[in-house]
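>>> sequence? don't have it. structure:
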């Protein structure tokens with residue numbers, strides 16, 4: 001991992017978008033029953049949020065990502081590495097947070113590690 005990639009990840013952590021800040025409130029500190037990291041380097045990419053135990057990546061996208069060929073390449077890399085990628089638009093997170101969190105909960109349940117006990121996935125109120 002290059003020094004520049006690590007520095008970029010640190011800068012992104014310090015300058016999260018409003019939508020990233022909103023969803024991070026529910027992902028941080030294992031509130032979803034699992035550990036998420038934010039702005040984590042993976043290969044040559046930096047993902048918005050990742051749960052390594054469940055191999056789940058969450059990306060929160062603005063309009064610049066609409067029909068992005070580079071996002072398709074990035075997602076293909078992550079899938080090839082065994083990760084499921086969930087992408088949400090900023091406005092989905094800001095306006096339909098409960099629905100977004102439900103999709104995340106279901107993806108976590110779908111990707112339970114076979115060697116660990118079932119995590120508690122509490123329903124957090126918020127948004128919408």
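Happy to help now that I have it. The structure presented is a predicted model; accordingly, all values stated were derived computationally and were not measured. Numbers count the residues shown, from 1 in each chain.

>>> residues contacting residue 43?
Going by CB atoms under 8 Å, 6 or more residues apart in numbering, residue 43 touches 77, 81. (C-beta placed from N, C-alpha, C; glycine too.)

>>> quick check: phi and psi at it.
Main-chain dihedrals, residue 43, degrees, to the nearest 10: phi 60, psi -130.

>>> that one and residue 80, how far apart?
Look at residue 43 and residue 80: by CB to CB, to the nearest Å, they are 10 Å apart.

>>> same check on residue 92?
With distances taken as CB to CB, residue 92 is found 26 Å from residue 80.

>>> those two: which is more packed in?
residue 92 (18 against 9; other CB atoms under 10 Å).

>>> what packs against the lowest-mean-pLDDT helix or strand in the chain?
Lowest by mean pLDDT, DSSP states H and E among the helices and strands of the chain is helix 3-14, with a mean of 78. Secondary-structure packing of helix 3-14 (3 or more CB pairs under 8 Å, 6 or more residues apart in numbering; DSSP states H and E): strand 37-42, strand 45-51.

>>> ok, and which of those strands has the densest surroundings?
strand 45-51 (a mean of 22; mean count of other CB atoms under 10 Å).

>>> what's in contact with it?
5, 8-9, 12, 20, 23-24, 27, 34-40, 42, 56-60, 74, 77-78, 83, 108.

>>> now a ChimeraX select for only the buried ones of these.
A single ChimeraX command selects the buried members of the contacts of strand 45-51 (16 or more other CB atoms under 10 Å):
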select :9,12,20,23,24,27,34,36,37,38,39,40,42,56,57,58,59,60,74,78,83,108
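
>>> what angle separates the one helix or strand residue 106 maps to from strand 45-51?
Residue 106 belongs to helix 97-110 when assigned by DSSP states H and E. If you take axes from the mean of the first three to the mean of the last three CA atoms, to 10 degrees, helix 97-110 sits at 80 degrees to strand 45-51.
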